[in-house]
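*Asks:* Provided below for reference: sequence and predicted model.
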Amino acid sequence: MSKKPTLLYVEDEEGIRNELSKFLKHFCSEIYTAYDGKNGLELFKKHLPDIVVSDIRMPNMNGIDMVKAIKKINPRQYVIFTTAHSESSYFIEAIEMRINGLVLKPIDLDILADKLEFISEQIEIKNTKELYEGYILQQSRLAQVGEMISMIAHQWRQPLSTISAISTNIQLSIELEQFDTTKEIERKEQDDFFKTELQNLDYNLKSLSNIIDNFSNFYRSDNKTVKLKLEDVISNSLQMINTLLTNDDINIIIEYNSKKEIEVYSHELSQTIVNLLKNSQDNFILNKIQNPTIKIIVNDYSIKVCDNGGGISNKIINKIFDPYFSTKDEKNGRGLGLYMSKIIVEKHHKGKLSVKNTDDGVCFNIELLDKV
């Protein structure tokens, strides 16, 4: 194993505590010892160890009460109880707390070692998975930067074209001496002309700035949830991608069946909707769909994004949420969008993201909770 876990050992009998601590040191990178439940809880809060090994019957605070308090801090905390036969009344309560092992006294060191090694393997698997997901998240963020630049470029084209036209109009007006400044009426016309053009120029420059601000906020990671209507999430998503969809003559139908406010990570959920819309857009292009249409249906705790893009082959539909799986070529797809969408919905929001084929396309369904 690359790194041993940290461990808290709680035992009120000093002789047992000193001897077993020597044994436990072989299984951990750092060991913290406590003499009762109250002291053990204090050390847990201070060090947040990976594993807790504790006696049950102790003064001040027993092991059961200590672990209950620990589980409030970390519901998935790994715990092993050491206990005597006479403490069997605690067994059911200990099991209900979903602890990871009970070792009877006198302690069989082989049994304790097996339990510690198994827990250590589980911790390593968990850490490896989290490290991998962190790496995927980083890759996804880099991919989003590319997408953001592409979408900004599309949305900038119209105001940039207008700015170019304004510049040309002003330049031609000067070069062609459009206004006779010796005449008062034409001087006024010239003043009005320049004032109007400069106002248009200022408006379009502000539009460019607003586009940058919108995208910057959109791709910002959420630190906390906000309570809002799912209608607002859809609106934010379409604001980012609507130009791309309009350019491809994609028809958007939205059906709002709820005005209910729920707690979500707003930017992350909006990114998920954009990912699903872009997935539909890609399928329209790939399958050369005539009259491409996306229908978005919003209910109290769910969002459906359905299209008529021809659907997904049954051979691959169960793989589309896998990282790096993509039906597009390397240039146009990294296979991270749908994977990250599933992480956002199921891990961050504790919801569910599913997909199924329809008669003429595919339908993604996001199911959410009232509170994350």
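*Replies:* Yep, that arrived. Numbering: from 1, shown residues only.
*Asks:* Are we agreed that T181 is in a strand?
*Replies:* No. Assessed with DSSP: H, G, I helix; E, B strand; the rest coil, T181 is coil; it does not lie in a strand.
*Asks:* Secondary structure element holding the residue lying closest to it once chain neighbours are set aside?
*Replies:* Once flanking residues are discounted, T181 sits nearest to R187: 5.3 Å by CB to CB, 6 or more residues apart in numbering. Every residue, glycine included, has its C-beta placed from N, CA and C. Using DSSP states H and E, R187 maps to helix 184-218.
*Asks:* Show me where the chain has its helices.
*Replies:* In the chain, the helices defined using DSSP state H lie at 14-24, 37-47, 63-73, 91-96, 109-175, 184-218, 230-247, 266-287, 337-342.
*Asks:* Mind putting the ones you listed into TSV with mean neighbour count and mean pLDDT?
*Replies:* Formatted as TSV, the helices of the chain follow (neighbours: other CB atoms under 10 Å; pLDDT from 0 to 100):
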stretch	mean neighbour count	mean pLDDT
helix 14-24	14	92
helix 37-47	18	95
helix 63-73	18	92
helix 91-96	12	71
helix 109-175	14	77
helix 184-218	13	80
helix 230-247	18	85
helix 266-287	22	88
helix 337-342	23	83
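*Asks:* mind checking which of the ones you listed is nearest K260?
*Replies:* Ranking the helices of the chain by their distance to K260 (criterion: CB to CB) puts helix 230-247 first, at 7.9 Å.
*Asks:* what packs against that closest one?
*Replies:* helix 109-175, helix 184-218, strand 251-256, strand 261-264, helix 266-287, strand 293-298, strand 302-307 (3 or more CB pairs under 8 Å, 6 or more residues apart in numbering; DSSP states H and E).
*Asks:* could those go into TSV alongside distance to S354?
*Replies:* Listed next are those as TSV, based on distance: least, CB to CB, whole Å:
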stretch	distance to S354
helix 109-175	20
helix 184-218	25
strand 251-256	19
strand 261-264	18
helix 266-287	12
strand 293-298	14
strand 302-307	10
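*Asks:* Just tell me which of these ends up closest to L244.
*Replies:* helix 109-175 (5.6 Å).
*Asks:* Where does the record place the domain boundaries for the protein?
*Replies:* Following automatic domain parsing, one gets these domains for the chain: 6-107, 135-218, 226-367.
*Asks:* any chance of those in CSV, plus distance to A113?
*Replies:* Conversion of those to CSV gives the following (distance: least, CB to CB, whole Å):
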stretch, distance to A113
domain 6-107, 7
domain 135-218, 33
domain 226-367, 33
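*Asks:* I344 contacts L269, doesn't it?
*Replies:* Yes. Using CB atoms under 8 Å as the test, I344 is close enough to L269 to be in contact (6.8 Å).
*Asks:* hmm, back to that, could you work out which of the helices of the chain reaches nearest to L102?
*Replies:* Judged by CB to CB, the one of the helices of the chain that comes nearest to L102 is helix 91-96, at 6.4 Å.
*Asks:* Now for the residue nearest to K3 when sequence neighbours are not counted: which residues touch it?
*Replies:* When the adjacent residues along the chain are set aside, K3 lies closest to S29, with 6.4 Å between them (CB to CB, 6+ apart). By CB atoms under 8 Å, 6 or more residues apart in numbering, the contact set of S29 is K3, K4, P5, T6.
*Asks:* Out of those, which sit inside strands?
*Replies:* Secondary structure assignment by DSSP state E places T6 of the contacts of S29 in strands.
*Asks:* Just among the contacts of S29, which is most surrounded?
*Replies:* With neighbours taken as other CB atoms under 10 Å, the top of those is P5, carrying 20 neighbours.
*Asks:* Apart from its neighbours in sequence, what residue is nearest that residue?
*Replies:* Closest residue to P5 apart from its sequence neighbours, by CB to CB, 6+ apart: D50 at 3.5 Å.
*Asks:* And for that neighbour, the neighbour number?
*Replies:* Quick note: D50 (other CB under 10 Å) scores 23 neighbours.
*Asks:* what sits against it?
*Replies:* P5, T6, L7, C28, Y78, I123.
*Asks:* What residues are bridge-paired with the second one?
*Replies:* Assessed by DSSP bridges, T6 has beta-bridge partners E30.
*Asks:* For I303, list the residues it contacts.
*Replies:* By CB under 8 Å, 6+ apart, I303 lies in contact with L230, V233, I234, I273, I296, I297, N365, I366, L368.
*Asks:* Name the nearest of the residues you listed relative to D114.
*Replies:* Distances from D114 to those, taken by CB to CB, are shortest for L368, at 41.2 Å.
*Asks:* Can you get me a residue count around the closest one?
*Replies:* Neighbours of L368 under the rule other CB under 10 Å: 22.
*Asks:* quick one: it and T272, what's the gap?
*Replies:* According to CB to CB, to the nearest Å, L368 and T272 sit 11 Å apart.
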